[in-house]
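# What shape does this take:
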Amino acid sequence: MTSFGKCPFSPSSLTATAGAGTSSSDWWPELVNLNILHQHNPKANPLSEEFSYAESFAQLNYQALKADLAALMTDSQDWWPADWGHYGGLFIRMAWHSAGTYRIGDGRGGASTGNQRFSPLNSWPDNDNLDKARRLLWPIKQKYGNKISWADLFILTGNVALESMGFKTFGFAGGRVDIWEPELDINWGNETVWLGDERYSGNRELDAPLAAVQMGLIYVNPEGPNGNPNPGASGIDVRETFARMAMDDAETVALVAGGHTFGKCHGAGSKELIGPAPEGAPLEEMGLGWKNQLGSGKGADTNTSGIEGAWKPNPTRWDMGYFDMLFGYEWELVKSPADAWQWRAKNVKEEHLIPDAHMPGLKHAPIMTTADLSLRFAPFYEPISRYYHQNPDAFADAFARAWFKLTHRDLGPRSNYLGPEAPAEILIWQDPIPPADLPLLDSSAIDEIKQLIRNSGFTVSELVETAWASASTFRGSDKRGGANGARLRLEPQCNWAVNQPQKLKAVLGRLSEIQSAFNSNRSKGGLLSLADLIVLAGGVGVELAAAAAGFQLTVPFSPGRNDASQAETDVASFAALEPQADGFRNYEKITTGKMAEHLLVDRAQLLGLSAPEMTVLVAGLRVLGVSNSAGHGVFTERVGSLSNDFFVNLLDMQIVWAPSPEHAGSYEGRDRSSGFKRFSASRVDLLFGSNSQLRAIAEIYAQSDGAQRFVLDFCSAWTKVMNLDRFDLPA
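Numbers count the residues shown, from 1 in each chain. Here you go, the predicted structure:
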């Protein structure tokens, strides 16, 4: 495929310019981007901070909106005519590409923010001409205003498109809230040229957390790996990519076959006639891109993927035609008018010839992409495809469920679902937790439990580290993880190396004894869940540590969590949440050297933390003895006291830091005069003294008047993390 030029918002771009004669890597070798912690400033949002999308959505005339969307499907516009007079295929692609950027590695991407409106996604080659779909939707968005977000509208429109062509969907849930600027935290790849694929190592091992095979693609290259039309090799790419997007083999086959039941590919002519993407288009294009100089530039002259044709007869109707064609014909490799590899059915029967989408009287043979043929020729897909072909009801159900999962995977728990069509069925990928429908613990019960914890002989570090291990699994990207459910005691989390399994199981065992004792002696009122107890115990640890530092503190606690079971936990899915590094606990599963500080900031962003919140949490956890790296960063002689010693000693000019001669990636802090070793540190620890922005924050807390501020700010940040998954609490 041809290059589309430089990628906007390339990860390699710097926000400052190096001096003449120096490379950015020489001049700024350890760039740590703290901007990702402060993106989406409320000042960029045109809606007031008091605006509640859930309240606004509740005022939506949902059925009227669906009726308007259904009417839009066949309201073909001259400026962008619909294929066969129906926009269904275009809108399915819009919804699919909105959701399909999700990846399980870090939970980022997906449909929940409406980010398809912004660079770089609005200019990805794989999103070519989806700008037209969004413009077709504008009159409806304008009519319903803030009662429907763009993010919700994209997905609902895809559902209505399916329904308008005879398919019964599994349901729809609203609740996606728009952003107003591009996300800075998502690593789409290191390539600086569209359709580059510098993301593999070894035997075609795709870099984590990426899922797509090339820069600017949602999934795979439809022509085959690097344009090589080999269905077997393409199947390997398809399998890896869809797995990284949370889909198993059966779901993958259902999605590909179901989605390609509708619409067509567009590759009418030379790519050289296509203008720049929206972000590079002239001002007068008003945010549209890919202006096509071939003929009319639209309709029969449309060029999108470069592949040309439809998969099956009746492209605006749900039926079994896709599998009928896939297995009913042999396929020959040909080039499209845009010079793209594709496959054409041989010796096609008259009844299977497909009328042209725009030119009356003209008919075409069905086509398949190389990726499509992997469903027939890849050994892991072929049996599934044949089963679906022979069992239409099973295929319809599988596609409905897979489509719902695709479009709702990053919306979070079912408690976030809005609208009348949210399905009642509980699905394992929703990470279900039984509702906490018993009365909440009252203040006297909470005080009683706290006293039991104080009397049980726990150390401060045991209480704090266990609560952190439970709550800090949360990812704001897809709203998974967190303390609710107490999955810390279940597979796979109970055996994650970062959680020090033997130590963890001992602590959880003692906490379970407290839980049983309390619940067995309660004649009325709410019962104590282990999920609540873990968080409450962590708060007790913080209170004890504050008292040891001379401050009386009450850590806020909100009861209402419940415990999930192992049967309610998808072990394979939760495995993706295991931290490869957790700078808050000074942990690296595999020593990554210079990347440790970058991974800390990345994790802080997933937790929704600001730079000051990240700073106080790292410092507080260290002085409380939380460090998996042989005590690195515990810059205090009074472990267990919530003091500002971490900052005071880190910034002490009487301590000189140097790389450890014994342990790569570690550092020793020695007394400047005597040479006596005072402390050891990781790269993460020293970041707060070496990075100018973080040092400025650290200085606030190291000052003579910083100790109380530190305790209060740590408590605030701690409480925030403990409640990240409490979507039932007021914002």
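
# Could you use CA atoms for every contact and neighbour count after this?
Noted.

# Ignoring the adjacent residues along the chain, who's closest to the most centrally placed residue in the chain?
Nearest to the geometric centre of the chain sits residue 108, at 2.0 Å (CA atoms, centre = their mean). Once flanking residues are discounted, residue 108 sits nearest to residue 477: 4.9 Å by CA to CA, 6 or more residues apart in numbering.

# mind checking how far that neighbour is from residue 183?
11 Å (CA to CA, to the nearest Å).

# With residue 56 instead?
Per CA to CA, residue 56 is found 24 Å from residue 183.

# higher neighbour count, the two?
residue 183 (19 against 14; other CA atoms under 10 Å).

# Am I right that residue 702 is in contact with residue 619?
No: look at residue 702 against residue 619 with CA atoms under 8 Å: they stay out of range, at 10.8 Å.

# on that earlier part again, the residue nearest to the centre of the chain contacts residue 478, doesn't it?
Yes: contact criterion CA under 8 Å: residue 108 and residue 478 qualify, at 6.6 Å.

# Stretch 70-89: which residues count as buried?
70, 72-74, 76, 80-84, 86-89 (16 or more other CA atoms under 10 Å).

# quick one, what contacts the residue nearest to residue 230 when sequence neighbours are not counted?
Computed as CA to CA, 6+ apart, the closest residue to residue 230 that is not its neighbour in sequence is residue 224, at 5.9 Å. Residue 224 makes contact with 230, 231, 233, 234, 370, 371, according to CA atoms under 8 Å, 6 or more residues apart in numbering.

# What's the separation between the fifth one and residue 562?
Going back to what we said before, that points to residue 370. Residue 370 sits at a distance of 48 Å from residue 562 (criterion: CA to CA).

# the more surrounded of these two?
Comparing residue 370 with residue 562 by other CA under 10 Å, the one with more neighbours is residue 370, at 26 against 22.

# show me what contacts that one?
Contacts of residue 370 by CA under 8 Å, 6+ apart are 222, 223, 224, 229, 230, 231, 234, 341, 342, 343.

# again, but for residue 364
Counting by CA under 8 Å, 6+ apart, residue 364 has contacts 309, 353, 354, 355, 356.

# Just these: which are in strands?
Among those, the members falling in strands (DSSP state E) are 309, 354, 355.

# and the last one, bridged to which residues?
What it means is residue 355. Going by DSSP bridges, residue 355 is paired in beta bridges with residue 363.

# Please work out how many residues are found near it.
Close neighbours of residue 355, defined as other CA under 10 Å, add up to 18.

# Mind pulling up the pLDDT for it?
Looking at residue 355, its pLDDT reads 98.

# That one contacts residue 366, correct?
No: the pair residue 355 and residue 366 does not pass the contact test of CA under 8 Å, sitting 10.2 Å apart.

# okay, and the common contacts of these two?
Common neighbours of residue 355 and residue 366 (CA under 8 Å, 6+ apart) are residue 313.

# Give me the mean pLDDT for stretch 285-295.
On average, stretch 285-295 scores 97.

# End to end on that stretch, go ahead and measure it.
So stretch 285-295: terminal residues 18 Å apart, CA to CA.

# ok, now stretch 109-125?
17 Å.

# now do stretch 673-689
20 Å.

# Just the buried residues of it, please?
Buried residues in stretch 673-689, counted by 16+ other CA under 10 Å: 678, 679, 680, 681, 682, 683, 684, 685, 686, 687, 688, 689.

# Go through those and name the one nearest residue 100.
residue 684 (33.6 Å; CA to CA).

# List the residue ranges of the protein that fall below the pLDDT cut-off.
Residue ranges of the chain with pLDDT under 70: 1-30, 523-525, 591-594.

# again, 80 this time
Low-confidence segments of the chain (pLDDT under 80): 1-31, 437-438, 522-526, 590-594, 629-630, 731.

# Which stretches in it count as strands?
200-201, 205-206, 264-265, 309-310, 331-335, 341-345, 354-355, 363-364, 367-368, 581-582, 587-588, 655-659, 666-671, 677-682.

# Quick check: which of those is nearest to residue 717?
strand 581-582 (16.6 Å).

# What is the closest one packed up against?
strand 587-588, helix 596-606 (3 or more CA pairs under 8 Å, 6 or more residues apart in numbering; DSSP states H and E).

# Most tightly packed of these?
Neighbour counts (mean count of other CA atoms under 10 Å) averaged over each of the helices and strands packed on strand 581-582 peak at helix 596-606, with a mean of 23.

# Could you check the angle that helix makes with strand 677-682?
Interaxial angle, helix 596-606 versus strand 677-682 (axes from the mean of the first three to the mean of the last three CA atoms, to 10 degrees): 60 degrees.

# where's residue 140 relative to residue 38, distance?
For residue 140 relative to residue 38 (CA to CA), the value is 32 Å.

# more neighbours, those two?
Using other CA under 10 Å as the criterion, residue 140 and residue 38 rank with residue 140 on top: 16 against 13.

# What residues does that one make contact with?
65, 68, 69.

# ditto for residue 719
By CA under 8 Å, 6+ apart, the contact list for residue 719 reads 555, 556, 557.

# before we move on, what about residue 208?
Residue 208 neighbours (CA under 8 Å, 6+ apart): residue 105.

# Same check on residue 573?
Going by CA under 8 Å, 6+ apart, residue 573 touches 246, 429.

# Offset the numbering so it begins at 8, please.
Renumbered: residue one is now 8, and that last one reads residue 580.

# and the residue nearest to residue 511 when sequence neighbours are not counted, how far is that from residue 439?
Distances taken as CA to CA, 6+ apart place residue 473 nearest to residue 511, at 6.9 Å, with adjacent residues excluded. According to CA to CA, residue 473 and residue 439 sit 22 Å apart.

# Also residue 697?
For residue 697, the distance to residue 439 - CA to CA - is 43 Å.

# For the two, indicate the residue with more neighbours.
residue 439 (20 against 15).

# Contacts only, for that one.
420, 421, 433, 571, 575, 576.

# swap the cut-off to 7 Å and go again
By CA atoms under 7 Å, 6 or more residues apart in numbering, residue 439 lies in contact with residue 575.

# and if you look at the one 3 residues further on?
The contact partners of residue 442, taken as CA under 7 Å, 6+ apart, are residue 569.

# Among the contacts of residue 371, which one has the most neighbours?
Counting neighbours by other CA under 10 Å, the top entry in the contacts of residue 371 is residue 316, with 25 neighbours.

# does residue 640 really touch residue 687, like I thought?
Yes: using CA atoms under 7 Å, residue 640 is in contact with residue 687, at 6.2 Å.

# Check what contacts stretch 492-507 and list those residues.
440, 476-477, 508, 537-538, 568-571, 573, 578, 581-582, 585, 594.

# Oh, that last question was meant for stretch 387-405, not what I typed.
Contacts for stretch 387-405 (CA under 7 Å, 6+ apart): 256, 257, 258, 260, 261, 330, 382, 383.
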